[in-house]
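K.L.:
Fold the following.
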Amino acid sequence: MAQKFKPLSLVGAGYLLSIGVKTAEYYGMRKKLSYFSSQILEMKVVMSSLQKTESEFARLLSFKSKKKILEKADVSSNLGSLDIELLKRQIDETIQSVAEIREYIKEEKGLYLSTPAGWPVKGSVSSRFGTRVHPITGESTFHSGIDISTPGGTMVRATADGIVSFSNWHNDSGYIVALEHGHGFRTVYAHNKLNYVKVGQRVRRGDVLSLSGSTGSSTGPHVHYEIRKDGSDIDPTQQYG
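P.N.:
Purely as a prediction, here's the structure:
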């Protein structure tokens with residue numbers, strides 16, 4: 001059966017949609033960080049007021065008598081007349097803002113590190129994602145990832161931080177490594193010559209997982225690479241390539 005191809009218009013539309021989503025996410029982050037920046041600026045104003053008040057109190061306390069303190073006190077200044085209750089509320093708000101900033105950055109960094117980026121090896125795509133004619137059986141089948149042609153023995157690297165959930169032989173896929181990244185992401189690296197990692201092991205983006213090979217049902221050295229998000233297969237070349 002002939003291989004089915006997506007119309008170029010749909011591929012282009014999908015790519016532009018992907019770029020649009022990423023751009024919207026970027027400007028959304030910029031907007032939040034701008035808000036947090038304004039909160040920090042307000043906090044700096046509060047701290048500056050406190051420091052000036054502290055300096056004024058320290059100056060007055062340096063005098064050795066009540067008479068001198070009262071004579072030298074600058075009653076025309078607002079430094080000694082802070083609204084303590086208002087100040088407490090401002091401090092509470094700024095502390096809350098700092099906590100929100102930390103949590104926001106933590107969540108965004110966790111998502112960034114968990115999102116697959118780049119390819120596990122350098123090479124050319126020998127078989128794309130989607131419906132294809134199987135190179136061995138000749139049947140029309142769904143290809144859940146991409147095949148990256150690369151010399152045998154090439155180091156295969158993790159494309160995101162994660163935990164090894166499988167590292168062993170698996171039927172026609174030969175030796176494979178599967179990683180769980182959190183946020184619904186999973187990646188799979190198949191047809192390896194040798195696996196280096198064990199189940200439960202934590203890895204970071206760029207860590208070596210295995211050596212490429214041609215184990216299982218394969219016509220030559222390559223890496224079969226898959227990305228799944230919330231259980232659905234994703235084309236690595238369009239979304240996260």
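K.L.:
average pLDDT across stretch 191-204?
P.N.:
Averaging pLDDT along stretch 191-204 gives 97.
K.L.:
starting at the chain centroid, how far to it?
P.N.:
21 Å (C-alpha atoms, centre = their mean, to the nearest Å).
K.L.:
Name all residues that make contact with the residue nearest the centre of the chain.
P.N.:
With distances taken as C-alpha atoms, centre = their mean, the residue of the chain nearest its centroid is residue 112 (0.6 Å). For residue 112, no residue meets the contact criterion (C-beta atoms under 8 Å, 6 or more residues apart in numbering). Where you see a C-beta, it was placed from the backbone N, CA and C, and this is true even at glycine.
K.L.:
so which strand or helix has it?
P.N.:
Per DSSP states H and E, residue 112 falls inside helix 84-114.
K.L.:
now swap in residue 212 and tell me
P.N.:
Per DSSP H and E: strand 208-212 holds residue 212.
K.L.:
Straight-line length of stretch 210-223, end to end?
P.N.:
10 Å (C-alpha to C-alpha, to the nearest Å).
K.L.:
so how far is residue 135 from the residue nearest to residue 208 when sequence neighbours are not counted?
P.N.:
Once flanking residues are discounted, residue 208 sits nearest to residue 155: 4.8 Å by C-beta to C-beta, 6 or more residues apart in numbering. Per C-beta to C-beta, to the nearest Å, residue 155 is found 25 Å from residue 135.
K.L.:
so where's this structure uncertain?
P.N.:
Low-confidence segments of the chain, defined by pLDDT under 70: 1-22, 39, 42-43, 46, 56-57, 60, 66-84, 87, 239-241.
K.L.:
Measure how the longest strand along it sits relative to strand 208-212, angle-wise.
P.N.:
Longest strand in the chain, counting residues (DSSP state E): strand 185-195. Interaxial angle, strand 185-195 versus strand 208-212 (axes from the mean of the first three to the mean of the last three C-alpha atoms, to 10 degrees): 60 degrees.
K.L.:
which stretches of the chain form strands?
P.N.:
124-127, 130-133, 140-143, 146-149, 155-157, 162-169, 175-182, 185-195, 202-203, 208-212, 222-229, 232-234.
K.L.:
Nearest to residue 48, out of those strands?
P.N.:
For residue 48, the closest of the strands of the chain is strand 175-182, at 40.9 Å, according to C-beta to C-beta.
K.L.:
Mind listing what's buried along that closest one?
P.N.:
In terms of neighbour count (16 or more other C-beta atoms under 10 Å), strand 175-182 has its buried residues at 175-179, 181.
K.L.:
ok, so of those, who is nearest residue 230?
P.N.:
Nearest to residue 230 among the buried residues of strand 175-182, with distances taken as C-beta to C-beta, is residue 181, at 11.9 Å.
K.L.:
Roughly how far does the closest one sit from residue 159?
P.N.:
To residue 159, residue 181 is 9 Å away according to C-beta to C-beta.
K.L.:
list residues touching both of those two?
P.N.:
Shared contacts of residue 181 and residue 159 (C-beta under 8 Å, 6+ apart): 116, 187.
K.L.:
Which parts of the protein belong to which domain?
P.N.:
Domain assignment for the chain, taken from automatic domain parsing, gives 8-114, 124-234.
K.L.:
deepest of the ones you listed, which one?
P.N.:
Across those, the average number of neighbours (mean count of other C-beta atoms under 10 Å) peaks for domain 124-234, which reaches a mean of 18.
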